[in-house]
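Colleague: My questions are about this predicted structure, shown below with the sequence.
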Amino acid sequence: MKIGIISFAHTHAAAYAAILRDRPDVECIATDPGHTTRAAGESGGRELAEQIGIGYVDTIDELLAWRPDAVVVTSENARHADDAVRAAAAGAHVLCEKPLATTRADALRIIDACEKAGVWLMTAFPVRFTPQYARLAHRVQAGDLGAVLSISGANNGRLPTARAWFTDPALAGGGAVADHTVHVADLIFGLFPEVDASEVFAVANRMLHPQREAETAGLVSIRYANGLTAVIDCSWSVPEHYPTWGGLTMRLITETGTAELAPFAEHLDGFAEADRSPIWVPHGTDLDAAMLDEFISAIAADRQPTPSGRDGLRALDVVLAAYESIATGQPVTVGAAE
């Protein structure tokens, strides 16, 4: 299968490229338009492709002329729509990095383009592929835990300094709220696929990194149509010297007790005497590889990959409502914000 990568702008792009490079059933090339305009020291372009060990072309037109079966869109969030629509028009299935877009109109533009072209669209939510989450979803949907009353989630990480655009609201669609709310919101939708979010109230600030233009801390409260309530801490609150990037956790309060999810907790730790630093060695499922396997398997079987583009839209709707709430100081109906 021929798979193209559009842009190394996102920090996940290099990892996806390395996974695709190592698959015997995949031929992968990349393009990275605009890499010369990035901040000094940010990797990209032909040099990064050669370091990873995949092919490279200079433009999106050249990549699409290669006639890929599928394309992975890992450009800046505000550029997802244009890149995904071009890929779909060329007949390529699309895996789009999260958030799906920065506006509802652009997310719908991606979805409509893929549907009209007859290609599959998947949103990149790798945490869906943890074995622990699969077991939790099965137990929730089987009713083993009774009714779920509330959920508290946290997706905290370091300030993403490797790519300056993450803190540029025009390119990222916001800051920490856009970057980290969507993962937990998607996991909740995965637990309750038929239940819509109805209302959001959110607060945010720049206290952790006041020199940044975008918000660097946020708390998002969500009410769902079935009465469930959820709160998501979506902050860039992990210090730079911490031994890992951060983590994601969820706690469910149910009729029968509590259930917890911590997909990034599996690790070996210790202390390196040589440089007096902590050691953190993760182990367990490679979530990026599992997500790409779902994408490739779904394309081969001509079925909808999960999470879909519509799943990406549902998570984006929560984020857009959160920003409207932050701006107004009031609860906002989900789907009403643009």
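Modeller: Nice, I can see it. It should be emphasised that the depicted structure is a prediction, and the values quoted were computed from it without experimental measurement.

Colleague: hmm, who's touching stretch 270-290?
Modeller: 12, 15-16, 19, 126-127, 129-131, 243-244, 263-264, 266-269 (CB atoms under 8 Å, 6 or more residues apart in numbering). For the C-beta atoms, the positions are set from N, CA and C on the backbone; glycine is no exception.

Colleague: Tell me which of those residues fall in strands.
Modeller: Using DSSP state E, 267-269 are the members of the contacts of stretch 270-290 that sit in strands.

Colleague: Counting neighbours, which of these comes out on top?
Modeller: In terms of neighbours by other CB atoms under 10 Å, the ones in strands among the contacts of stretch 270-290 top out with residue 267 at 14 neighbours.

Colleague: close enough to count as contact, that one and residue 244?
Modeller: Yes: the pair residue 267 and residue 244 qualifies as a contact (CB atoms under 8 Å) at a distance of 7.4 Å.

Colleague: for the stretch 101-250 of the chain, what spans make up the helices?
Modeller: Assigned by DSSP state H, counting those that start in this stretch, the stretch 101-250 of the chain shows helices spanning 104-117, 131-142, 169-172, 176-191.

Colleague: For these, give me TSV that also has mean neighbour count and distance to residue 303.
Modeller: Below are the helices of the stretch 101-250 of the chain laid out as TSV (neighbours: other CB atoms under 10 Å; distance: least, CB to CB, whole Å):
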stretch	mean neighbour count	distance to residue 303
helix 104-117	18	14
helix 131-142	14	18
helix 169-172	18	32
helix 176-191	25	17
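
Colleague: Could you dump those helices into a markdown table with distance to residue 296 and mean pLDDT added?
Modeller: Putting the helices of the stretch 101-250 of the chain into a markdown table (distance: least, CB to CB, whole Å; pLDDT from 0 to 100) gives the following:
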| stretch | distance to residue 296 | mean pLDDT |
| --- | --- | --- |
| helix 104-117 | 17 | 98 |
| helix 131-142 | 19 | 95 |
| helix 169-172 | 28 | 96 |
| helix 176-191 | 20 | 97 |
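
Colleague: Make JSON lines out of those and add distance to residue 211.
Modeller: Converted to JSON lines, the helices of the stretch 101-250 of the chain look like this (distance: least, CB to CB, whole Å):
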{"stretch": "helix 104-117", "distance to residue 211": "29"}
{"stretch": "helix 131-142", "distance to residue 211": "36"}
{"stretch": "helix 169-172", "distance to residue 211": "14"}
{"stretch": "helix 176-191", "distance to residue 211": "14"}
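
Colleague: so which of those comes closest to residue 41?
Modeller: Closest of those to residue 41 is helix 169-172, at 17.8 Å (criterion: CB to CB).

Colleague: Can I get the closest one in CSV? Just the C-alpha atoms.
Modeller: The C-alpha coordinates for helix 169-172 follow below in CSV (Å, rounded to 0.1, in the frame of the first residue of the first chain):
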residue,chain,number,x,y,z
PRO,A,169,-3.8,30.4,18.1
ALA,A,170,-4.2,31.2,14.4
LEU,A,171,-2.5,27.9,13.4
ALA,A,172,-3.4,25.7,16.3
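
Colleague: Can you give me the pLDDT of residue 38?
Modeller: pLDDT recorded at residue 38 is 89.

Colleague: now residue 279
Modeller: 78.

Colleague: For the helix or strand harbouring residue 62, list every residue counted as buried.
Modeller: Taking DSSP states H and E as the criterion, residue 62 maps to helix 60-65. If you call a residue buried by 16 or more other CB atoms under 10 Å, then helix 60-65 has these buried ones: 60, 63-64.

Colleague: Isn't residue 196 up against residue 224?
Modeller: Yes: between residue 196 and residue 224 there is a contact under CB under 8 Å: 6.9 Å.

Colleague: more crowded one of those two?
Modeller: Using other CB under 10 Å, the more surrounded residue of residue 196 and residue 224 is residue 224, with 19 against 13.

Colleague: which residues touch the helix holding residue 62?
Modeller: 4, 6, 29-31, 33, 57, 71, 83, 86-87, 90, 92.

Colleague: nearest to residue 307, of these?
Modeller: For these, the nearest to residue 307 is residue 71 (17.1 Å; CB to CB).

Colleague: Confirm that closest one sits in a strand?
Modeller: Yes: the assignment for residue 71 by DSSP: H, G, I helix; E, B strand; the rest coil puts it in a strand.

Colleague: Tell me what it is bridged to.
Modeller: Beta-bridge pairing for residue 71 (DSSP bridges): residue 4, residue 94.

Colleague: Could you report the neighbour count for it?
Modeller: For residue 71, the tally of surrounding residues (other CB under 10 Å) stands at 27.

Colleague: how far away is it from residue 1?
Modeller: Noted for residue 71: a distance of 12 Å to residue 1, by CB to CB, to the nearest Å.

Colleague: likewise residue 317?
Modeller: The spacing between residue 317 and residue 1, counted by CB to CB, is 32 Å.

Colleague: Give the residue from those two that has the larger number of neighbours.
Modeller: Shown here are residue 317 and residue 1; by other CB under 10 Å, residue 317 has more neighbours (21 against 15).

Colleague: show me the contacts for the more buried one.
Modeller: 104, 197, 334-335, 337.

Colleague: top of those residues by neighbour count?
Modeller: Ranked by neighbour count (other CB under 10 Å), the contacts of residue 317 have residue 197 at the top, with 23 neighbours.
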